[in-house]
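Trainee: heads up, no residue letters with this:
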């Protein structure tokens, strides 16, 4: 692929000037149109050292309104980044809708430099590729334009450029030892790059090879690629807006037969009569809380991150369970993230962005009080997303959780199950007790009216997203004591299991 | 102060239980009321090692809704934090309005541990104290409750606790070498703490000493302090809401005599006839841009951060100047931050928060296209803040800029000045040129009608906030060539000056 490139391609000054005059104007216009249409854009610059990535980024942004883009230089991971799954640093650097992010080297570093430096071992490599593909897939599905540029020069040209940089005190510091090592073993490194190009050249996020020996030729080619990719997405979005105006009908979310089957599946079989006496509860609670405190220290020392997600019916006991769970934990080692409707900033990103942002670093516990599963429950039922969006979400969520567990995160998801009568009893109790009135709102009563719809959605969610690595635990919740102990016990067992099997990875 | 403490204070189990029952409920209620009233709260835990900060934080949060607080463990600075002014890490960890942030050790680390470890030298100490005081002052003025708790034990008790921790493999890792050093030199460290308490015990953010030998006594005391501080602020806010309803009149922003004087002051004396021919412009532009590229590399190597703020009349030439300034800069080393009206999230914080967040790290350049000076211009004129708020802002802004420059940041602020006729000419040109139409809106014309009001505000701003360390540069902008060269030349000279005088500090 890279072998057969014609690197002698050149462009004269006149032709360059003429083309650029058109391209610069065109790109400025396209950027403004992307902003109007809320299209986010990622431009990744990869390629060999000294191929001119920095210089070409500098050229590219000349045409752009500086208020609409941001350049990220991707260097070695910071401490903070090292303590997170490798894609975390890119999830936290996504462009908002309508903005452009430009990356000087990108998430591909993982399968290039890191692989070359043996920081990524063979078995992790396949995982890294899979994570990258699902990352790009999720984002493009959500309307992101991902433009991947590979700047190619050959070994000789690279050597020449390094020598020139090394000759001057002012530029020598730009050439790193790693650069020289990769030049020495150019063939080997090129092979890794070719493998990368082949494995990740997808329809939605294709690679564009740029012959980068002649700088003018490369600049014009880059501009043209960006122009084409933006224009294509703009056309697509304009088209779908027109469809929307014409009033597409996606049909009902779930068909009737499916609905019946789903209602009788998981939740229907939960034994809500399970209970536990007060004395037993208090005794065991104490034991479990002490054990959790010990294990929390152990997690910290072993640098194991933990994600606990809580979902369930309103008044299902999420808050109470979280409170008992964290009662004796060191407050410096855990965070509870409540999940409300997305705010104005959060709405400018992929729906998983706000959760990715808050994923725990190694050794810490993050508890989500309501989670990313809102996508397939409230957003599905209230029509906040389209049918194809929530259908796609099962896979996206599974992908995200696999990305996490593969890198060593313990992921547990609790569904707090109660029946409809028990919910009513608890609602009334809240209303009558002045200390608890703030916990109950009109909206809770409104949601209750949609119980059956939720039941279908929850059953489908449990079926589609419970995996060995990131299981759903359905908690029989009519009896609060029983429910809380089950939650604590499950957490204890999962952590003990991980510690017993050693290692960081699932 | 700490010498004379009665550390024998104790509380029995019964009394504790009784008091806590009331206090827990009370704190829960106060937290909800703070949320309703949008009151943000910071609780800083300081005190000697092993005094039980972690444990007491754990106790305190038992009473709080986990969805409304966040605990921060303040350890050694991360790489990223080291590259920023020391308060940056706390500005980025402020609680949103209505939320509580709890800090296990705080911004005081700078004048305690860091001082003890000689990471902070004598001359920097006074600066650090001043920065801390202005930080707290700014936040409390803005309605933040700052609760500062100092947990005291004596040397012997501390030694006993360390020994107990060291005796078990499960807890020994909690005792650091630093802990032991500070125990050995307890008297010296205590003296530093006493100095800190004396210098920073202010009316708005007072210190509360907590005798922490007896844990129950300490817990009840902490709860009581937090209860009182929250209740006091709630009362204050409720009172001022009532005043608002009664319709206070603050009177006009500026009186007539002052207005006349201000209008004739700085802007009136700017020589807008200054200009520059095209040939000279192009020649000098090239020289300056190349020089900036060189200096940008030099800044990076010397780890000098730069903040450039651009303000000016609409169509005053900010965008054009920024474009020429950055044309040959390495895009990985600078960011342009456009400043629009604050979004929903930004409105949940102090108005300086969104700028602090984006301050450059060492070696990088941050360009703000419009700045924090919006507070004393558009917010003043449109009534988005009260008169006392924008009046106070001059000092707050000076404080912030001094905090930055003192830690080595180069700060330059440009005012792009044109006259009213020139603005009209440029507006019309934009309207007639299809390539530029997007640059002009109805709002631009509306703002133009308030020219005189702005002139008063701008003059006052220039007078009150131009300082030797962070000067305003008024740029004669009727001639674009002249203006751009002046901007670039000023930047070059400022960087050269800094490099010549060596060192990081101003």
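Mentor: Ah, there it is. This structure is a prediction, so every number in the text was calculated from the model and none was measured. Residues are numbered from 1 along each chain as shown, chains lettered A, B, ... in the order given.
Trainee: would residue A:446 count as being in a helix?
Mentor: Yes - under DSSP: H, G, I helix; E, B strand; the rest coil, residue A:446 sits within a helix.
Trainee: based on its surroundings, how many neighbours for it?
Mentor: Neighbours of residue A:446 under the rule other C-beta atoms under 10 Å in any protein chain shown: 9. Heads up, the C-betas are built off the backbone N, CA and C, glycines and all.
Trainee: check it and give its pLDDT.
Mentor: We have a pLDDT of 91 for residue A:446.
Trainee: ok, residue A:170 next?
Mentor: pLDDT at residue A:170 comes out at 78.
Trainee: wait, it sits on residue B:296?
Mentor: No - contact criterion C-beta atoms under 8 Å: residue A:170 and residue B:296 do not qualify, at 11.3 Å.
Trainee: touching both of these two, which residues are there?
Mentor: Contact criterion C-beta atoms under 8 Å, 6 or more residues apart in numbering or on different chains; residues shared by residue A:170 and residue B:296: none found.
Trainee: between these two, which has more neighbouring residues?
Mentor: residue B:296 (20 against 12).
Trainee: moving C-terminal of the helix or strand containing that one, what's the next helix or strand?
Mentor: Assigning secondary structure by DSSP states H and E places residue B:296 in helix B:278-302. On the C-terminal side of helix B:278-302, the nearest following helix or strand under DSSP H and E is strand B:306-312.
Trainee: indicate each strand paired with that following strand and its parallel or antiparallel sense.
Mentor: If you go by DSSP bridges, strand B:306-312 pairs up with strand B:365-369 (parallel), strand B:410-417 (parallel).
Trainee: and for it, what's in contact with it?
Mentor: B:299, B:318, B:321-322, B:325, B:359-360, B:364-373, B:377, B:404, B:409-418, B:475, B:477, B:491, B:495.
Trainee: one more time with 7 Å, if that's ok
Mentor: The set of residues external to strand B:306-312 that reach it, using C-beta atoms under 7 Å, 6 or more residues apart in numbering or on different chains, is B:299, B:318, B:321-322, B:359-360, B:365-371, B:373, B:404, B:409-417, B:477, B:491.
Trainee: for the record, mean pLDDT for stretch A:132-141?
Mentor: Regarding stretch A:132-141, the rounded mean pLDDT is 94.
Trainee: check which residues of that stretch are buried.
Mentor: Neighbour-count burial for stretch A:132-141 flags A:132, A:134, A:135, A:136, A:137, A:138, A:139, A:140, A:141 (criterion: 16 or more other C-beta atoms under 10 Å in any protein chain shown).
Trainee: just list what the stretch of helix or strand residue A:150 belongs to packs against, helices and strands only.
Mentor: Assigning secondary structure by DSSP H and E places residue A:150 in strand A:145-152. With contacts defined as 3 or more C-beta pairs under 7 Å, 6 or more residues apart in numbering or on different chains; DSSP states H and E, the packing partners of strand A:145-152 are strand A:41-47, helix A:122-141, strand A:207-211, helix A:215-246.
Trainee: among those, which is nearest chain B?
Mentor: Taking C-beta to the nearest C-beta, strand A:41-47 is the member of those nearest to chain B, at 10.4 Å.
Trainee: could you pull up phi and psi at residue A:158?
Mentor: The phi and psi values for residue A:158, taken as degrees, to the nearest 10, are phi -60, psi -50.
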